[in-house]
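S.K.: Could you look at this predicted model? Sequence included:
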Amino acid sequence: MLVNMKEILSVANEKSFAVPAFNIGTCQILKAVVDCCEEKKAPVILAIHPKELAFQGDSAMAAMRDAAEKARVPVCIHMDHSSTVEEILHAVRTGFTSVMIDASHQSFEENARISKQIVDMVHPLGISVEAELGTIGTTGNDQEGGTSEIIYTDPDDVVKFVQATGIDCLAIAIGTAHGIYPKGFKPELKLDLLTQIKKKAAVPLVLHGGSANPDEEIAESVKRGINKINISSDIKDALYQELRKTLTNDPKVREPIELYPEGIEAMKQVCSTRQTKSNTIVYNARRHCICPAITSGRYSTRGKAYCS
């Protein structure tokens with residue numbers, strides 16, 4: 001079923017778990033993610049970057065919306081890292097239920113002004129808004145962008161920013177970077193900073209750039225208050241590593257039904273259950289996202305269970 005981000009993350013925040021947001025770069029990724037989350041009865045966020053949408057065309061959005069409306073689990077369709085009003089308007093017109101406005105490279109005041117402008121524009125339409133405070137790093141091998149220098153989120157700024165903008169969730173900077181980290185590089189999250197931010201945040205918190213961080217760090221970030229974790233590089237890497245193997249083993253293969261099955265299964269592994277603990281399911285191959293199983297009455301919003 002199609003829902004917005006606020007509906008999903010309000011439950012995640014209340015019950016202290018995180019929902020994965022997978023970047024849907026191809027229809028094969030869409031199939032793997034939706035199939036897996038339906039099998040596991042878990043909510044999911046389908047995210048796409050404006051560049052990815054431009055590359056695939058608006059038909060990609062139509063496919064995501066069709067999959068979301070037919071799904072038996074809560075599905076949000078989210079425009080990731082929009083940087084202009086025009087990109088937001090395009091997302092609204094094509095049917096997204098959530099948008100991110102990323103003005104984190106601007107001053108605090110300008111970031112807040114732009115974010116509030118987007119909130120005022122889309123909230124009346126039932127569309128959720130994510131913003132970013134601080135800057136996420138970049139490894140240089142991704143489409144999501146980032147900066148060469150990470151500016152960590154100030155807990156005191158979080159309070160002022162949320163009050164000034166009315167956003168529904170906030171992406172924070174605690175030491176992650178977009179993309180796959182170079183071999184030998186060991187990222188470290190400032191988990192104590194996350195704890196400080198969570199104590200002051202009035203909205204669910206988002207972690208961008210979680211690929212290649214140690215499983216234990218990511219799991220701890222969820223325990224300390226992260227409610228949404230963006231997953232892009234991990235799932236794309238699973239698909240294309242398998243595709244490379246298939247083509248190496250048989251360079252003449254050309255039919256999609258022969259090229260993609262192993263890659264789709266690899267991506268489903270990235271989404272699949274790795275550990276079950278008292279009504280929680282730890283998601284993706286690196287056990288990033290902790291989500292509750294959706295059973296009657298356990299995962300609900302507006303007093304109504306999502307699934308029976």
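M.R.: In hand now; what should we look at?
S.K.: quick one: which helix or strand includes residue 54?
M.R.: helix 50-56 (DSSP states H and E).
S.K.: Show me which parts of that helix are buried, residue by residue.
M.R.: 50, 52-53, 56 (16 or more other C-beta atoms under 10 Å). Using the backbone N, CA and C atoms, a C-beta is placed for each residue, glycine as well.
S.K.: For residue 150, state which of those residues is nearest.
M.R.: Nearest to residue 150 among the buried residues of helix 50-56, counting by C-beta to C-beta, is residue 50 at 22.7 Å.
S.K.: Dump stretch 236-255 to PDB, keeping only the CA atoms.
M.R.: C-alpha atoms of stretch 236-255 as PDB (Å, rounded to 0.1, in the frame of the first residue of the first chain):
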ATOM      1  CA  LYS A 236      23.700  -1.800  -6.800                       C
ATOM      2  CA  ASP A 237      27.000  -3.500  -6.100                       C
ATOM      3  CA  ALA A 238      25.200  -6.800  -5.500                       C
ATOM      4  CA  LEU A 239      23.400  -6.600  -8.800                       C
ATOM      5  CA  TYR A 240      26.400  -5.600 -11.000                       C
ATOM      6  CA  GLN A 241      28.900  -7.900  -9.400                       C
ATOM      7  CA  GLU A 242      26.600 -10.800 -10.300                       C
ATOM      8  CA  LEU A 243      26.100  -9.400 -13.800                       C
ATOM      9  CA  ARG A 244      29.800  -9.200 -14.300                       C
ATOM     10  CA  LYS A 245      30.200 -12.900 -13.300                       C
ATOM     11  CA  THR A 246      27.400 -13.900 -15.700                       C
ATOM     12  CA  LEU A 247      29.000 -12.100 -18.600                       C
ATOM     13  CA  THR A 248      32.400 -13.400 -17.800                       C
ATOM     14  CA  ASN A 249      31.200 -16.900 -17.700                       C
ATOM     15  CA  ASP A 250      29.300 -16.500 -21.000                       C
ATOM     16  CA  PRO A 251      30.100 -13.400 -23.000                       C
ATOM     17  CA  LYS A 252      27.500 -14.300 -25.600                       C
ATOM     18  CA  VAL A 253      24.500 -14.200 -23.300                       C
ATOM     19  CA  ARG A 254      22.200 -11.300 -24.200                       C
ATOM     20  CA  GLU A 255      18.700 -12.100 -23.000                       C
END
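S.K.: Do me a favour and average the pLDDT over it.
M.R.: In this model, stretch 236-255 has a mean pLDDT of 93.
S.K.: now swap in stretch 77-93 and tell me
M.R.: 97.
S.K.: If you count neighbours, what's buried in it?
M.R.: 77-83, 87-88, 90-92.
S.K.: Quick one: end-to-end distance for that stretch.
M.R.: This stretch, stretch 77-93, spans 13 Å end to end (C-alpha to C-alpha, to the nearest Å).
S.K.: Not counting its own residues, what contacts that stretch?
M.R.: With contact meaning C-beta atoms under 8 Å, 6 or more residues apart in numbering, stretch 77-93 is reached by 2, 5, 21, 23, 45-50, 53, 61, 64-65, 68, 95-103, 117-118, 121-122, 125, 127, 130, 144-145, 230.
S.K.: Could I get the contacting residues of residue 23?
M.R.: 29, 47-49, 52, 80, 144, 230-232, 235-236.
S.K.: Cool, thanks, talk later.
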